[in-house]
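1. I'll drop the sequence and a predicted model, then ask my questions.
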Amino acid sequence: MSAYQYQIKNFPLDNDALLLQETLFHNANGYIGVRGNLEEGYPEGYRSIRGQYINGFYNNVDMPQAEKLYGLIEEKQTMVNVADTQSVRVYANGQEISMLDSRAGERARILDMESGVTERSFLYNDSDQKLRISITRMTSMEILPLFLIRYEVASENCSASLRFESLAKGDVMNFFDPSDPRVAGEACRHIVVKSAEHRDGITFITSETTKSGLQVTTAVKNVLSGESFRETIPEETQVTEKITADLAPGETVTFYKYAVFCDSRRYENTLESAEKIMKEVCALSPEVLYEQQKRYMKNFWESCAVDVQGDEDLNAALHYNLYQLIQSAGKDPRSNIAAKGLSGEGYEGHYFWDTEMYMQPFFTLTSREVAGNLIRYRYTILDQAKENARLLGHKKGAAYPWRTIMGKECSGFFPAGSAQYHISGDIAYSVAAYYLATKDLAMLEECGEEILIETARLWMDIGNYYEGKFRINTVTGPDEYTCLVNNNYYTNSVAKYNLYWAEKAYRLLENAGLQQRVIEKTGVTEEELQEFARASADMYLPYDEKLGINPQDDSFLQKAVWDISTITEEEKPILLHYHPMYIYRYQICKQADTVLAYFVLEDYQDEETMRRSFEYYEKVTTHDSSLSSCIFSIMASRLGFEDKALAYFGESAKMDLFNTHKNTKDGIHTANMGGTYMAVVYGFGGLRIKESGLSLAPHLPKTWEGYRFRILYEDSRMEIQVDRKQCRVKLMEGTEKKIRIYGEEYVLKDILTVEFENREIPA
Ligand code: BGC
């Protein structure tokens with residue numbers, strides 16, 4: 001298998017396997033996402049989540065709270081399933097062709113990550129008449145509204161009369177499952193068709209959301225080589241086209257289905273735009289579109305160039321995860337990266353802290369454009385974050401919503417939702433991280449410092465001084481199995497950093513004479529800046545003398561330990577089997593919390609405290625959240641637990657391909673995918689970018705021959721290659737840079753090599 005291909009052959013046809021494939025082989029480009037459903041549909045009895053989504057395109061949905069306490073959220077946004085353009089039924093001599101038919105064999109599905117397409121193929125063998133079916137799908141990275149299906153029927157030995165029935169269907173619903181809190185629980189019609197029309201050979205379906213007042217037009221055009229007859233059947237909410245062609249022995253008939261999506265958040269007139277784009281697309285040959293895609297992917301792979309040498313499976317899994325990141329990331333400031341990307345309806349298309357802490361680092365190091373948009377997105381919702389803070393009772397500052405699409409809080413369960421105040425600190429952290437990697441003062445001036453100040457104000461309002469220390473009470477940290485606690489170590493750490501950077505970034509702007517805009521926008525005063533700096537310096541970070549560790553919060557260590565080895569397979573994840581109150585009463589963690597704080601803010605503790613804490617938390621963490629194993633891998637690398645680092649890395653890299661969390665059918669776990677990247681670059685590579693500059697401390701797992709990655713740092717691009725003998729850093733473009741490797745300072749001018757001969761390279 002190529003390192004840039006994921007393929008499966010002669011797979012089982014059971015429902016679970018097919019549902020999983022719908023996610024694993026979805027196509028997306030950050031704007032649209034199409035699940036890997038079968039064009040021909042599924043026979044009776046099969047369950048499929050048929051879906052096509054637009055990033056940031058949502059409906060508002062009532063979320064009534066049984067007990068009407070003040071400020072509880074009663075309306076949420078949900079990502080909408082839009083018109084279905086996937087359906088193509090094909091008949092050969094009157095017989096319908098389906099991969100699920102007993103006459104179909106040699107089944108294969110491929111994700112080709114160099115071409116940026118998925119392929120599905122099978123051999124249809126009816127009374128010794130053999131037809132090879134190959135279906136290629138692409139969501140264009142260059143023309144974001146475009147989804148293209150190429151359906152080829154090749155004759156191996158017979159002639160056939162073919163009929164293609166292509167459907168554009170506006171009457172669609174979202175998926176729901178009342179038994180799983182991680183997807184929508186209720187059936188709901190989010191979108192209604194306003195018009196379905198067919199003119200100039202193009203079908204247009206225009207639909208409106210029921211409550212959010214958004215509109216989307218889907219245009220579809222069917223093109224068949226050797227077409228002999230066409231019939232168009234318009235109905236109220238859909239249009240079908242039946243097109244026939246004759247297939248001669250040894251020849252191939254090719255059918256193209258073009259679909260263009262334009263939504264009213266991006267296009268003023270969705271119908272006109274869809275028509276214009278469709279005409280432009282059809283003026284190009286499909287080969288040009290495929291070439292564009294290849295070029296885009298080539299640039300993408302060249303920009304990150306992440307490889308593991310010596311473990312092919314792991315390498316392919318790593319590439320799979322990186323590919324999903326570029327498929328999922330919003331390409332404009334109106335959208336972000338959903339927890340499931342655009343691959344499914346889990347978490348309803350919501351954006352979480354997952355972006356800033358798990359995925360943005362990849363883009364900051366490889367694509368400034370995407371990373372910049374992610375920050376700008378948070379800026380576009382800053383006013384709503386301020387409103388949210390008021391709703392929560394804060395007189396000042398901005399409290400970013402825990403989960404959202406267009407800026408309003410969508411979490412109905414505040415103890416593990418709005419109470420996760422750390423998201424505001426995470427967003428602030430990502431602004432500082434972006435600055436440290438880019439030294440882009442213009443971004444701080446444009447929006448970054450405003451975000452830093454408004455989030456810092458929030459901490460000043462939440463927290464209070466007690467016995468000389470600044471404390472933050474009644475919040476929930478990242479670990480959702482421990483809610484509403486005082487002085488969560490992680491939260492206090494990111495708040496400390498947030499307060500520090502609000503003042504620090506101001507000084508940077510002031511030194512460059514660029515502070516005026518920030519003063520005008522925020523009204524920040526010298527006194528306030530000093531208060532930030534003081535609270536940061538005085539921030540209380542809990543420490544337990546007896547154990548020599550940082551307790552996750554003030555009460556964590558007082559609780560009984562839940563021996564996680566007693567949890568049976570059927571009880572996993574425990575969130576689906578135990579009342580939250582019961583879980584909260586134990587020392588049991590869903591995910592990395594204090595251990596994550598050590599990764600992102602390692603200078604707040606000494607090595608020994610971090611080591612003892614790592615070992616402590618490892619014993620009480622279930623990793624029921626997909627955001628956990630990657631962080632344990634990074635910290636295991638950092639602390640020299642090499643075998644653990646590799647084991648956790650494997651868990652992270654293969655999570656979706658092996659469906660280890662058993663819910664990949666609802667979508668990929670994008671944060672974990674970013675985490676897989678971080679486990680290579682920050683974990684094994686030991687990369688850190690701080691105020692003191694860029695540093696590396698590479699480790700090489702015993703079973704690998706080497707690894708490499710490319711990163712952007714300030715105005716330079718560099719490649720880092722580590723193998724058994726050496727660590728080699730190559731300056732690919734830009735100016736020379738100071739780099740610290742294992743604590744020693746070097747100047748990177750061209751190529752810098754650190755031999756391992758006289759140095760004990762870990763592992
Ligand atoms: C995790 C959160 C995460 C969310 C979305 C939850 O299971 O506990 O940390 O933000 O999933 O990925």
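-> Cool, got the structure.
2. any chance you could map the helices in the stretch 401-550 of the chain?
-> If DSSP state H, counting those that start in this stretch is used as the criterion, the helices of the stretch 401-550 of the chain fall at 422-438, 441-443, 449-462, 489-511, 516-522, 526-537.
3. Would you mind writing the CA trace of the third one as PDB?
-> Provided in PDB are the C-alpha atoms of helix 449-462 (Å, rounded to 0.1, in the frame of the first residue of the first chain):
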ATOM      1  CA  GLU A 449      -4.900  41.500  21.300                       C
ATOM      2  CA  GLU A 450      -8.500  42.300  21.600                       C
ATOM      3  CA  ILE A 451      -9.300  38.600  22.100                       C
ATOM      4  CA  LEU A 452      -6.500  38.500  24.700                       C
ATOM      5  CA  ILE A 453      -7.800  41.500  26.600                       C
ATOM      6  CA  GLU A 454     -11.400  40.400  26.600                       C
ATOM      7  CA  THR A 455     -10.600  36.900  27.800                       C
ATOM      8  CA  ALA A 456      -8.200  38.300  30.400                       C
ATOM      9  CA  ARG A 457     -11.000  40.500  31.700                       C
ATOM     10  CA  LEU A 458     -13.200  37.400  32.100                       C
ATOM     11  CA  TRP A 459     -10.600  35.800  34.400                       C
ATOM     12  CA  MET A 460     -10.400  39.000  36.500                       C
ATOM     13  CA  ASP A 461     -14.200  38.800  36.900                       C
ATOM     14  CA  ILE A 462     -14.400  35.000  37.600                       C
END
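4. helices or strands up against it?
-> helix 368-380, helix 382-391, helix 422-438, helix 489-511, helix 516-522, helix 526-537 (3 or more Cβ pairs under 8 Å, 6 or more residues apart in numbering; DSSP states H and E). (Each C-beta comes from the backbone N, C-alpha and C, glycine too.)
5. chain center to it: distance?
-> Distance of helix 449-462 from the chain centroid (Cα atoms, centre = their mean, to the nearest Å) equals 26 Å.
6. What's the local residue count around the residue in the stretch 501-650 of the chain positioned nearest to the ligand?
-> Relative to the ligand, the nearest point of the stretch 501-650 of the chain is residue 625 (3.8 Å; Cβ to the nearest ligand atom). Residue crowding around residue 625 was assessed by other Cβ atoms under 10 Å; the count is 22.
7. Please name the nearest non-neighbouring residue to it.
-> Leaving aside its sequence neighbours, residue 625 sits nearest to residue 591 (Cβ to Cβ, 6 or more residues apart in numbering; 3.7 Å).
8. so how far is residue 329 from the one you found?
-> Residue 591 is 22 Å from residue 329, where distance means Cβ to Cβ, to the nearest Å.
9. Quick check on the two: which one has the bigger neighbour count.
-> Comparing residue 591 with residue 329 by other Cβ under 10 Å, the one with more neighbours is residue 329, at 30 against 22.
10. how big is the angle separating the helix or strand harbouring residue 58 from helix 368-380?
-> Assigned by DSSP states H and E, residue 58 belongs to strand 52-62. Relative orientation of strand 52-62 and helix 368-380, computed by axes from the mean of the first three to the mean of the last three Cα atoms, to 10 degrees: 10 degrees.
11. Quick check: next helix or strand after strand 52-62?
-> Going down the chain from strand 52-62, the next helix or strand is strand 75-81, by DSSP H and E.
12. Paired strands for the helix or strand just after that next one, with orientation please.
-> Once strand 75-81 ends, the next helix or strand along the chain (criterion: DSSP H and E) is strand 88-92. Strands adjacent to strand 88-92 in the sheet, as given by DSSP bridges, are strand 95-97 (antiparallel), strand 160-169 (antiparallel).
13. got a list of contacts for strand 88-92?
-> 39-41, 96-97, 124, 126, 129, 131, 133, 149, 151, 153, 160-167, 247, 255, 257 (Cβ atoms under 8 Å, 6 or more residues apart in numbering).
14. buried residues in stretch 496-509?
-> Buried positions in stretch 496-509, judged by neighbour count with 16 or more other Cβ atoms under 10 Å: 496-506, 508-509.
15. got the contact list for it?
-> With contact meaning Cβ under 8 Å, 6+ apart, stretch 496-509 is reached by 424-425, 428-429, 431-432, 435, 441, 444-445, 448-449, 452-453, 455-456, 459-460, 515, 518, 524, 529-530, 532-533, 535-536, 539, 541, 601, 604.
16. So which residues lie in contact with stretch 247-259, not counting its own?
-> The contact list for stretch 247-259 (Cβ under 8 Å, 6+ apart) reads 85, 88, 90, 92, 131, 146-162, 164, 166, 168, 218-226, 243, 245, 278, 281-282, 286.
17. Could I have the CA atoms of that stretch written out in PDB?
-> Output in PDB follows, covering the C-alpha atoms of stretch 247-259 (Å, rounded to 0.1, in the frame of the first residue of the first chain):
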ATOM      1  CA  LEU A 247     -21.900   0.000 -24.100                       C
ATOM      2  CA  ALA A 248     -19.800  -2.000 -26.600                       C
ATOM      3  CA  PRO A 249     -17.600  -4.900 -25.600                       C
ATOM      4  CA  GLY A 250     -14.200  -3.800 -24.200                       C
ATOM      5  CA  GLU A 251     -15.400  -0.200 -24.000                       C
ATOM      6  CA  THR A 252     -16.100   2.200 -21.100                       C
ATOM      7  CA  VAL A 253     -19.000   4.600 -20.700                       C
ATOM      8  CA  THR A 254     -18.400   7.500 -18.400                       C
ATOM      9  CA  PHE A 255     -21.000   9.500 -16.500                       C
ATOM     10  CA  TYR A 256     -20.200  12.700 -14.600                       C
ATOM     11  CA  LYS A 257     -22.400  14.200 -12.000                       C
ATOM     12  CA  TYR A 258     -21.400  17.800 -11.100                       C
ATOM     13  CA  ALA A 259     -22.900  19.300  -7.900                       C
END
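18. Okay, buried residues for it please.
-> Under 16+ other Cβ under 10 Å, the buried positions of stretch 247-259 are 247, 253, 254, 255, 256, 257, 258, 259.
19. who's in contact with stretch 57-66?
-> Here stretch 57-66 makes contact (Cβ under 8 Å, 6+ apart) with 72-80, 82, 184, 188, 190-191, 209-212, 214, 216, 263, 265, 349, 405-406, 410, 412.
20. circling back to that earlier point, paired strands for the strand holding residue 58, with orientation please.
-> Within its sheet, and counting by DSSP bridges, strand 52-62 is paired with strand 32-34 (antiparallel), strand 75-81 (antiparallel).
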